[in-house]
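>>> pasting the sequence and the predicted model now:
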Amino acid sequence: MLHLFRSGWGTTPTAAHVSVDHADIFDQAPDALIALDADGRIARCNATCASVFGHPIDELIGAPLRPLIVRGDRDAFDSCVREVVANGPQRLDARVKATRGATSIVAFAMRAIRLPHGQENGGVVISARDVTVEREAMAELTRSESRYRHLFEAASDAIMTFDALGRFTTVNGAAEQISGFAREELIGKFFGPLLAVEALPRALLEFRRALSGGAGQFETTMLHKDGGRRHLTVNYACPQRSREVICMIRDATAEKQLQQQLIQAEKMAAIGQLVSGVAHELNNPLASISAFAQLLLVDNRLTHEQRHSVDVVRAEASRASRIVHNLLTFARQHKAEKVAADINTVLHDTLELRTYELNVRGIHIARDLDEANPPVTMVDVHQLQQVVLNLITNAEQAMMDMDRDRHRLTLRTRTLADVVRIEVEDTGPGIPATAMHQLFNPFFTTKPTGKGTGLGLSISLGIVSEHGGRIWAENVAGGARFTVDLPRVAVEDRVALTLVPCVAAATPESLRILVADDEEPLRVALERFLSSEGHSVVAVGSGSEAIWRGEGDEEFDIVLLDLRMPDVSGQQVFERWRRDRKELSDRVVFITGDIVSADLQSFLLNSGRPYIAKPFEFRAIVDVLPAKRVA
């Protein structure tokens with residue numbers, strides 16, 4: 001076979017210089033060229049072989065090529081040589097031993113040498129190139145792409161890319177979760193149908209800006225496959241101007257809802273402050289209306305019809321007063337405090353807030369309360385009122401979503417062995433099966449946007465759990481029912497009850513009374529009533545007048561002192577007397593239309609003096625009068 005290389009790779013030369021040219025090309029080729037004989041030994045090789053295999057040419061000639069291959073790749077190399085002879089050209093990457101123990105990656109291209117028919121195998125021609133750098137770069141690129149793919153798929157935020165026409169080109173797993181669509185449903189589709197109608201113009205504007213090479217951020221609203229709405233924050237960039245847009249998209253629905261709840265909470269706090277001030281202003285005229293109605297009722301000259309009319313005025317003033325008081329109770333921040341309470345009374349008081357609205361909406365209220373065995377236990381009354389009000393409001397809204405001639409809201413209580421049970425049942429459409437397990441999750445709501453916060457039931461769950469109870473929902477025939485079980489705590493174990501015989505109250509002596517209130521109608525009514533009872537009354541309209549008369553030569557057995565007056569408040573008057581006239585401060589009974597302000601609550605508690613909330617029954621005034629005059 002060697003003569004083939006001497007005469008120019010087995011061709012018949014037509015001139016001597018042609019043979020020389022071929023040999024020159026062979027020796028100067030950039031790739032290593034090797035001719036193996038039938039025994040696998042190197043019959044001839046060019047100069048490049050020395051750099052590829054790390055051995056001089058004279059050491060390579062006549063030596064087998066196989067030992068130069070790293071042991072782990074030798075079998076593959078031998079198999080490739082056999083395949084060349086049997087089936088034609090082959091390619092293989094194999095590691096080759098280089099100098100000083102190093103290895104390099106060499107790409108081999110092999111072709112069999114074909115001799116005239118009938119002659120033995122002529123060997124193999126091999127082209128070898130050191131591709132270590134290229135293969136390592138390719139491996140690094142593969143690793144980089146693998147890392148990118150892993151990050152792309154594992155990212156918690158959605159990643160989407162779009163072509164110049166706004167069609168999806170790639171999406172990751174998070175994008176499938178946010179949209180609800182599978183990858184194959186999105187690829188090649190325009191993004192427009194996934195957005196809410198009102199959000200599309202802004203999204204198109206930002207998309208055109210991105211195609212022009214800009215980067216930015218905006219918020220939008222997407223329609224989930226299930227019909228729900230998602231609030232998204234989109235960050236975009238343009239890897240290829242006018243060709244591709246990449247977007248990082250975060251689902252901000254929960255944050256948006258929380259932000260709305262915080263705004264709503266601030267509004268409610270402001271409304272609470274407003275209600276507190278308005279309630280004080282309402283209680284004063286209500287107190288006057290109630291007082292004059294009570295004065296008229298003792299007038300024997302009234303006819304039966306007139307007396308009925310006056311009694312209606314008094315009753316409605318009392319009803320308005322209870323509503324104002326309930327509003328104040330719900331508006332203020334209340335510290336949890338468990339007391340012995342009749343659950344029936346709590347339900348009655350809570351219904352006062354919604355009775356009118358329920359009647360207007362045509363909802364009949366059915367009270368199925370356990371009167372035979374009243375459900376009494378230790379609860380935080382204000383928190384329990386909040387739970388019941390949430391359940392009533394939810395039931396009302398559910399019934400309004402269903403067209404029916406007559407709806408019914410049933411409130412039921414039962415005293416069981418270990419628990420006190422409260423049930424709120426409606427005649428609405430019931431609870432969807434898909435929503436039943438999510439009802440008490442924060443921010444979950446079945447109501448349309450703007451009609452529900454998704455916090456009512458989760459707050460109720462927290463309150464009931466804090467009381468050691470449980471709450472659950474179920475569908476019943478013709479509606480839904482929410483049930484609350486509270487532990488039944490034996491009140492007798494906590495409070496020692498002493499039965500006092502009921503005796504007629506002693507008629508007080510004629511007392512000297514100072515009345516200080518800036519509301520003239522109420523002041524006049526009190527003066528008339530107390531005077532009719534045989535007492536000597538001095539009525540003043542300001543705190544400064546109260547100080548002047550109280551510290552003068554007159555002696556008073558009791559001082560009815562309004563807490564809020566424009567010049568000097570009742571609180572300031574009391575503090576002055578407690579400091580300088582202790583005997584006078586001990587005769588003070590406060591009258592106020594604001595009993596829920598935190599500062600007034602603290603003051604009343606620390607003062608140790610009784611107080612009467614406006615509006616009031618005259619009986620409350622009689623009850624605080626001393627039986628005897630000051631000696």
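Done, it's in.
>>> list the helices and strands the longest strand seen in the chain packs on?
When the chain is parsed with DSSP state E, its longest strand is strand 229-240. Packing partners of strand 229-240 (3 or more Cβ pairs under 8 Å, 6 or more residues apart in numbering; DSSP states H and E): helix 200-211, strand 216-223, strand 244-251, helix 253-297. From N, CA and C alone the C-beta is placed, and that goes for glycine too.
>>> quick one: contacts of it?
178, 196, 203, 206-207, 210-224, 244-253, 255-256, 449 (Cβ atoms under 8 Å, 6 or more residues apart in numbering).
>>> the nearest residue to L296 once chain neighbours are set aside: what's it in contact with?
Excluding its sequence neighbours, the residue lying closest to L296 (Cβ to Cβ, 6 or more residues apart in numbering) is V310, at 4.6 Å. By Cβ under 8 Å, 6+ apart, V310 lies in contact with A293, L296, L297, L302.
>>> then Q397 would be within a helix, right?
Yes: assessed with DSSP: H, G, I helix; E, B strand; the rest coil, Q397 lies in a helix.
>>> how close does it sit to A480?
Separation of Q397 from A480 (Cβ to Cβ, to the nearest Å): 12 Å.
>>> okay, the two: which has more neighbours?
Using other Cβ atoms under 10 Å, the more surrounded residue of Q397 and A480 is A480, with 22 against 15.
>>> and the more buried one, that one's in a helix?
No: read with three-state DSSP, A480 is strand and lies in no helix.
>>> so what sits opposite it in the bridge?
Beta bridges link A480 to N475, judged by DSSP bridges.
>>> ok, it to S585 distance?
Applying Cβ to Cβ, the value for A480 to S585 is 56 Å.
>>> and for S146?
84 Å.
>>> okay, the two: which has more neighbours?
Each of S146 and S585 has its neighbours counted (other Cβ under 10 Å); S585 has more, 21 against 10.
>>> the more buried one touches W577, doesn't it?
Yes: in this structure S585 lies within contact range of W577 using Cβ atoms under 8 Å: 4.0 Å.
>>> got any residues that touch both of those two?
Common contact partners of S585 and W577 (Cβ under 8 Å, 6+ apart): none.
>>> picking that back up, mean pLDDT lowest where, among the helices and strands packed on strand 229-240?
Here the lowest mean pLDDT among the helices and strands packed on strand 229-240 goes to helix 253-297, at a mean of 76.
>>> so how far is that helix from its chain's centroid?
Relative to its parent chain, helix 253-297 has a centroid offset of 27 Å by Cα atoms, centre = their mean, to the nearest Å.
>>> and for the helix or strand containing R82, what are the contacting residues?
Counting by DSSP states H and E, the element that carries R82 is helix 71-87. Here helix 71-87 makes contact (Cβ under 8 Å, 6+ apart) with 36, 40, 66, 69, 90, 92, 94-95, 108, 110-112, 121, 124.
>>> the helix or strand just after that helix: which residues count as buried?
On the C-terminal side of helix 71-87, the closest following helix or strand by DSSP H and E is strand 90-97. Within strand 90-97, the residues scored as buried using 16 or more other Cβ atoms under 10 Å are Q90, L92, A94, R95, V96, K97.
>>> the residues you listed into TSV, with extra columns for pLDDT?
Formatted as TSV, the buried residues of strand 90-97 follow (pLDDT from 0 to 100):
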residue	pLDDT
Q90	93
L92	92
A94	93
R95	92
V96	91
K97	85
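>>> on that earlier part again, neighbouring strands of the longest strand of the chain in the sheet, and parallel or not?
strand 216-223 (antiparallel), strand 244-251 (antiparallel).
>>> pLDDT below threshold where in the stretch 451-600 of the chain?
Scanning the stretch 451-600 of the chain with the threshold set as pLDDT under 70 gives 451-455, 491-508, 595-598.
>>> all helices of it, in order?
456-466, 520-532, 543-550, 570-580, 582-585, 598-607 (DSSP state H, counting those that start in this stretch).
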